[in-house]
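Q: Predicted model and sequence below, questions to follow.
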Amino acid sequence: MATPFHIISNVSAMPVPSPTAHPRPDWLRVKFFGGERYQDLKRIMRTLDLHTVCESARCPNIGECWEHGTATFMILGDICTRACGFCAVPSGKPVGPPDEEEPFRVAEAVERLGLRYAVVTSVNRDDQPDGGAHIFARTIEEIRRRVPGCKVEVLIPDFRGDWDALGAVLAVRPDILNHNTETVPRLYRQVRKGAVYERSLELLRRSKEAHPEVPTKTGLMLGLGEEKEEVLATMQDLAAQGTDILTLGQYLQPTREHLPIVRYVHPDEFSEFKILGEAMGFKHVEAGPLVRSSYHAFDQAASAVR
């Protein structure tokens with residue numbers, strides 16, 4: 001790894017959840033939208049046999065986003081080869097190779113929805129030689145072919161450090177290259193099984209070095225037991241890779257089988273992290289309890305390319 005990373009503690013055990021972590025505070029209560037636009041989008045996804053991370057990851061903003069006609073497409077199936085402690089996407093061994101026709105269906109959905117900004121992410125496909133990178137590349141190409149002018153943001157896995165796979169995605173010039181760091185290095189073993197902190201940093205660095213014109217983006221979850229100093233050190237590491245956009249949001253436990261919430265982070269703390277992040281050099285910092293990687297993604301991208 002070309003750049004240093006910071007470790008505040010070598011303690012590997014997850015912190016004990018605070019007894020005050022529940023019930024959910026008022027600032028995390030959201031109104032669910034389920035109007036006509038929401039239902040139309042859901043029908044299109046089911047008709048085209050597509051998946052969204054909005055549903056699979058149980059995003060709290062699904063109602064708002066879908067009612068406004070935006071969704072994050074999840075390609076490469078709906079079974080992830082990793083079992084991260086925070087994630088609600090089902091894990092296991094996928095049946096069969098990736099669907100080579102999926103890029104065409106995603107592009108059709110983008111056209112039918114009238115999107116001008118599409119976000120595409122995926123499960124991890126460690127069972128595939130390239131981790132599914134060629135499906136990402138073809139999806140970008142098909143969206144642009146079918147909907148000229150539509151911008152495409154991709155939220156990619158780490159491809160197990162296969163930099164040729166990363167290069168295949170970058171070769172088709174996504175409008176935003178996103179790879180989430182998720183948490184501080186001390187908590188990686190519990191939170192991101194199969195991932196390596198240094199590898200995520202290297203992915204962001206390589207992306208920026210190979211194609212400096214493509215903005216890079218990453219995100220962190222808070223509330224898993226990280227200390228403020230750890231968050232700031234991680235933010236500094238990410239800024240050192242030339243990362244353009246940073247998102248910070250509250251971790252929410254999807255089921256009782258997932259990692260517990262250690263604490264709820266107050267909105268004022270998120271505001272402070274935003275100010276500190278902008279001072280570190282990020283072009284845009286989106287920080288708040290309900291912020292997710294693709295929440296208001298179009299606005300984030302507009303800020304980063306100004």
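A: That came through, no problem.
Q: Local confidence estimate at residue 256?
A: Note for residue 256: predicted pLDDT of 88.
Q: Need the phi and psi values for it.
A: With angles defined as degrees, to the nearest 10, residue 256 sits at phi -70, psi -20.
Q: Can you verify my assumption that residue 211 contacts residue 174?
A: No - using Cβ atoms under 8 Å, residue 211 makes no contact with residue 174, being 9.2 Å away. Backbone N, C-alpha and C define where each C-beta goes, glycine included.
Q: Give me the more crowded residue out of these two.
A: Between residue 211 and residue 174, counting by other Cβ atoms under 10 Å, residue 174 is the more crowded of the two (24 against 16).
Q: For the more buried one, what is the enclosing helix or strand?
A: Using DSSP states H and E, no element contains residue 174; it sits outside every helix and strand.
Q: Just list the residues touching it, thanks.
A: Counting by Cβ atoms under 8 Å, 6 or more residues apart in numbering, residue 174 touches 140, 152-154, 214.
Q: Of the residues you listed, which belong to strands?
A: If you go by DSSP state E, these have 152-154 in strands.
Q: I'd like those written out as JSON lines, with pLDDT and distance to residue 84 added.
A: As requested, these are arranged in JSON lines below (pLDDT from 0 to 100; distance: Cβ to Cβ, whole Å):
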{"residue": "152", "pLDDT": "94", "distance to residue 84": "25"}
{"residue": "153", "pLDDT": "93", "distance to residue 84": "21"}
{"residue": "154", "pLDDT": "96", "distance to residue 84": "19"}
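Q: excluding its backbone neighbours, what's nearest residue 293?
A: Counting by Cβ to Cβ, 6 or more residues apart in numbering, residue 293 lies nearest to residue 219, which is 4.4 Å off, once chain neighbours are set aside.
Q: sorry, back to before: closest to residue 185 out of the contacts of residue 174?
A: Each of the contacts of residue 174 was checked against residue 185 using Cβ to Cβ; the closest is residue 154, at 24.3 Å.
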